[in-house]
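Enquirer: got a structure for you, letters missing:
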């Protein structure tokens, strides 16, 4: 993937700021980037589609 493609992809992927309520191992986001690992209390900006999963499971809260 070229640098231009990465920039466009970053622009298209909406992100959400969350606070993790549990430890979460490293994962690959919908934007194909590595995130984490995160520990309880960590704050991060992650792709919205990934954040929805953690929010639904009670593993994170939206900030």
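Expert: Right, received. Where do you want to start? Values in this document were obtained by computation on a predicted structure and should not be read as measured data. Numbering: from 1, shown residues only.
Enquirer: so where's this structure uncertain?
Expert: Within the chain, the set of residues satisfying pLDDT under 70 comprises 1, 4-11.
Enquirer: which residues of it fall in strands?
Expert: For the chain, the strands defined by DSSP state E occupy 15-20, 27-28, 34-35, 43-47, 60-62.
Enquirer: Residue 34 bridge partners, please.
Expert: residue 28 (DSSP bridges).
Enquirer: Same question for the one 4 residues further on.
Expert: Taking DSSP bridges, one finds residue 24 as the beta-bridge partners of residue 38.
Enquirer: In space, what's closest to the one residue sitting closest to the centre of the chain - neighbours in sequence excluded?
Expert: Closest to where the C-alpha atoms of the chain average out (CA atoms, centre = their mean) is residue 46, at 2.2 Å. Sequence neighbours aside, residue 35 is the residue nearest to residue 46 in space, at 5.5 Å (criterion: CB to CB, 6 or more residues apart in numbering). Quick note: C-beta positions are derived from backbone N, CA and C, even for glycine.
Enquirer: Kindly report the same for residue 62.
Expert: Excluding its sequence neighbours, the residue lying closest to residue 62 (CB to CB, 6+ apart) is residue 18, at 5.9 Å.
Enquirer: So what pairs up with the one you found in the strands?
Expert: Here residue 18 sits in beta bridges with residue 44, residue 62, as judged by DSSP bridges.
Enquirer: wait, what's in contact with it?
Expert: Shown in contact with residue 18 (CB atoms under 8 Å, 6 or more residues apart in numbering): 43, 44, 45, 46, 51, 54, 55, 60, 61, 62, 63.
Enquirer: and if you look at residue 15?
Expert: Residue 15 neighbours (CB under 8 Å, 6+ apart): 45, 46, 47, 48, 51.
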